[in-house]
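# Provided below for reference: sequence and predicted model.
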Amino acid sequence: MEASAPSFAVETIGLTKRYPLAWKRKLLVALDHLDLQVRPGEVFGLLGPNGSGKSTTLKLLLGLAVPTEGEARIFGLPPDSLEARQRVGFLPENPYFYAFLNGDETLRFYGKLCGVTGPKLEKRIEELIDLVGLQNGRERPLRSYSKGMLQRIGLAQALIHDPDLLFLDEPTAGVDPLGSAQIRDLILQLKKMGKTVVFSSHLLEQVQEVADRVAIFSLGKKVLEGSLDSLLAEDQSTQVHVPGELTAEQQEKVRLLLGQAGITSQEIRFSRPHLSLEQLYLRTVQGLPAPTPAKDSSHS
Amino acid sequence: MIPSFFRILVIGRNTLVEAVRQKVLSVLLIFGLVLVGSSVYVSTIATPGLDAAGLFDEQIKFVKDFGCGAIGLFGFAIALLSTAQLIPQELQSRTVYTILAKPVRRAEFLLGKFLGVVLLLALAVTLMSLAFAASLYWQETVGLKYAQDVYDQHMPNWQNSPQLVSQYNHDIQDIVSKVQDPQLVEAILLLFAKLVMTAGIALLISTFATSSIFTIITTFMVYLIGHLEGVARDVWLARGAETSLWQSGLAGLISLLVPDLNSFTIVDEILAGNHVPWVHTLNLLGYAEVYLVVLLAVSIIIFDFREI
């Protein structure tokens, strides 16, 4: 009988990591009994302040650290097995890589480590350079790369062996908004390609734009988990979008109409949706038409 | 097995490329080459005022001592500096995460890094040996020309005298045999083995050290003890019954933990022109190999358990 495919790309059961602090005769609980399940094809965000256990979780999932208690599974395999690592790509936080290698050499090195060689490797390098938009960095040593370029070559090396699952630790940390948006678009592209992505970030707006589900960590514990739709929807109100700005007369007509449905006038609020500062910045630097400035008033 | 070996090779090659592209090590190697190459010139300054035959012998001896000394010294500096920073640098820059997140075992990573250092040492010793060979060749050319001049100036028509021709041939043979001494190959091999052992010690220390400085200082101390332990053991053994139990125990423990590097001073005997049989050299190379296997095995065990 053929074994059924594992249901989860990532699964942890009571995963715990404690570090002994010998000089204080104490234990630092970096991660406390984490139960987590990520389905194949999902984009999953790990949120939380510094020291909340996000990076420890990633280290344990990559087999770079040994859990004190509990267990983790990657597609049903132990994280430190070569079979699991063959299916995983990783971009560490603030990656430096080898500064003396150029873009192509970096990808060639990591590709060979994964057993990708010859024409297949060269073809893969071409594809990834195109995907991350690093044509201008192929012959340049990484020491001359900007922060955004380093993140992009990091993403390319994580993808060199075409893994099914990607772990990205703060992929947009220290990157300017344009570079950050490009990385966000890449994550969305990876999702379309059917990859599972687990990433940590401090930039909540970006997480909101790409993640299907999130888990929020605090002091080594997972305190909240769910899909963004369910976590962010306000049950107590409904938003209606209409093109253009409503005149005072039109607003009054809407109030009357809603009043007939039993909604009192005080509960109805009119406002113009705002662009985020990031959206405004991106439109401006990308040369897109600037939005019409809203009148400095809201109608209630 | 084959993929594992391939991954070790890939990491080893990358480590070598890194070392070659690092300015510090390149400068160190260039200094080594210049020093070995300059031995011919330095020998003429260091041995003035001797009679002709003595001058040549002294100069040859000086070129050999100076050349091998420079290979040993700069090789030691390269072995120590390049190995000491192998692991701390990887941890600090977090490149180790990107490698160990790939299908690479920790043992493969460590062996690959060490292979890179061994390749670097092989490259450095080969280049310095070539410079050494060039110096010796130059010295030989000078010596042969000098012998020719002496015969031409002081013994006119010496070619017509079978006795003088025979003496000339003997002198030429003497010069060539002193310069083209096959035992120098043994000396270079022993120097290389000692350098690889030094790198092995540094690798072991770096698997638990928290900084390169700690590795450099500790390796240097072990290197010194490695040269002295043989002497101490000989002294204690010579005292026979006078040796206390704790002295014997300490000597035994040190000889177990620290390699006997003093045995490699047999190179000095080769340079002095004394015959050292190949069997003895092969024994020493075998000892270095066994010790290295132990060093690497312990390094792998420690690194496997290390939190990174």
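In hand now; what should we look at? Keep in mind that this is a model prediction, so the values were computed, not measured.
# against B:I300, how distant is B:D268?
Note on B:D268: its distance to B:I300, by C-beta to C-beta, to the nearest Å, is 34 Å. Using the backbone N, CA and C atoms, a C-beta is placed for each residue, glycine as well.
# again, but for B:A131
36 Å.
# check B:I78 too.
Distance, B:I78 to B:I300, using C-beta to C-beta: 23 Å.
# go on, A:G133?
In terms of C-beta to C-beta, A:G133 sits 40 Å off from B:I300.
# how about A:S271?
For A:S271 relative to B:I300 (C-beta to C-beta), the value is 64 Å.
# the two: who's more crowded?
B:I300 (20 against 11; other C-beta atoms under 10 Å in any protein chain shown).
# tabulate the CA atom coordinates of stretch A:173-182 in CSV.
In CSV, the C-alpha atoms belonging to stretch A:173-182 read as follows (Å, rounded to 0.1, in the frame of the first residue of the first chain):
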residue,chain,number,x,y,z
ALA,A,173,14.7,44.1,7.1
GLY,A,174,16.7,47.1,6.3
VAL,A,175,15.5,47.2,2.7
ASP,A,176,14.1,50.5,1.2
PRO,A,177,10.4,50.5,0.4
LEU,A,178,10.9,49.8,-3.3
GLY,A,179,13.1,46.8,-2.7
SER,A,180,10.8,45.7,0.0
ALA,A,181,7.8,45.8,-2.4
GLN,A,182,9.8,43.8,-4.9
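# once you drop chain neighbours, what's closest to A:R152?
Using C-beta to C-beta, 6 or more residues apart in numbering or on different chains and skipping the chain neighbours, the partner closest in space to A:R152 is A:V132 (4.1 Å).
# cool, and A:P92?
B:Y97 is the one closest to A:P92 (C-beta to C-beta, 6+ apart), at 4.6 Å.
# sheet partners, orientation included, of the helix or strand hosting A:L46?
Using DSSP states H and E, A:L46 sits in strand A:43-47. Paired neighbours of strand A:43-47 in the sheet (DSSP bridges): strand A:196-200 (parallel), strand A:213-218 (parallel).
# of the ones you listed, flag the one that's most buried.
strand A:196-200 (a mean of 25; mean count of other C-beta atoms under 10 Å in any protein chain shown).
# residues near the residue of the stretch 101-250 of chain B found nearest chain A, how many?
Residue nearest to chain A within the stretch 101-250 of chain B: B:A101 (3.8 Å; C-beta to the nearest C-beta). Neighbours of B:A101 under the rule other C-beta under 10 Å: 27.
# what's the domain layout of chain A?
Following automatic domain parsing, chain A resolves into domains at A:10-232, A:240-300.
# what's the mean pLDDT across the first one?
The predicted model assigns domain A:10-232 a mean pLDDT of 89.
# which residues sit against stretch B:118-127?
Outside stretch B:118-127, the residues that touch it by C-beta atoms under 8 Å, 6 or more residues apart in numbering or on different chains are B:12-13, B:15-16, B:19-20, B:25, B:29, B:32-33, B:71, B:74-75, B:78-79, B:82, B:188, B:191-192, B:195-196, B:199.
# just for the stretch 151-300 of chain B, where's the confidence low?
Within the stretch 151-300 of chain B, the segments meeting pLDDT under 70 span B:233, B:235-243.
# for it, what lies in contact range of chain A?
Residues of the stretch 151-300 of chain B lying close to chain A (C-beta under 8 Å from any C-beta of the partner chain): none.
# let me see the ranges of the helices in the stretch 151-300 of chain B.
Using DSSP state H, counting those that start in this stretch, the helices of the stretch 151-300 of chain B run over B:162-179, B:183-206, B:212-238, B:245-257, B:266-271, B:278-305.
# tell me what angle the longest one forms with helix B:183-206.
Spelled out, that is helix B:278-305. If you take axes from the mean of the first three to the mean of the last three C-alpha atoms, to 10 degrees, helix B:278-305 sits at 20 degrees to helix B:183-206.
# buried sites along helix B:278-305?
B:281, B:284-285, B:287-288, B:291-292, B:295-296, B:299-300, B:303 (16 or more other C-beta atoms under 10 Å in any protein chain shown).
# got a markdown table for those residues, with distance to A:T172 too?
Putting the buried residues of helix B:278-305 into a markdown table (distance: C-beta to C-beta, whole Å) gives the following:
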| residue | distance to A:T172 |
| --- | --- |
| B:T281 | 59 |
| B:L284 | 57 |
| B:L285 | 54 |
| B:Y287 | 55 |
| B:A288 | 51 |
| B:Y291 | 49 |
| B:L292 | 46 |
| B:L295 | 43 |
| B:L296 | 41 |
| B:S299 | 38 |
| B:I300 | 37 |
| B:F303 | 32 |
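# near chain B, which residues of the stretch 1-150 of chain A show up?
A:19, A:62-66, A:82-83, A:85-86, A:88-90, A:92-98, A:100-101, A:109-110, A:112-115.
# take those residues and keep only those in helices.
Among these, the members found in helices (DSSP state H) are A:82-83, A:85-86, A:109-110, A:112-113.
# dump the residues you listed to TSV, plus neighbour count.
Below are those laid out as TSV (neighbours: other C-beta atoms under 10 Å in any protein chain shown):
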residue	neighbour count
A:L82	17
A:E83	12
A:R85	24
A:Q86	16
A:F109	21
A:Y110	28
A:K112	21
A:L113	27
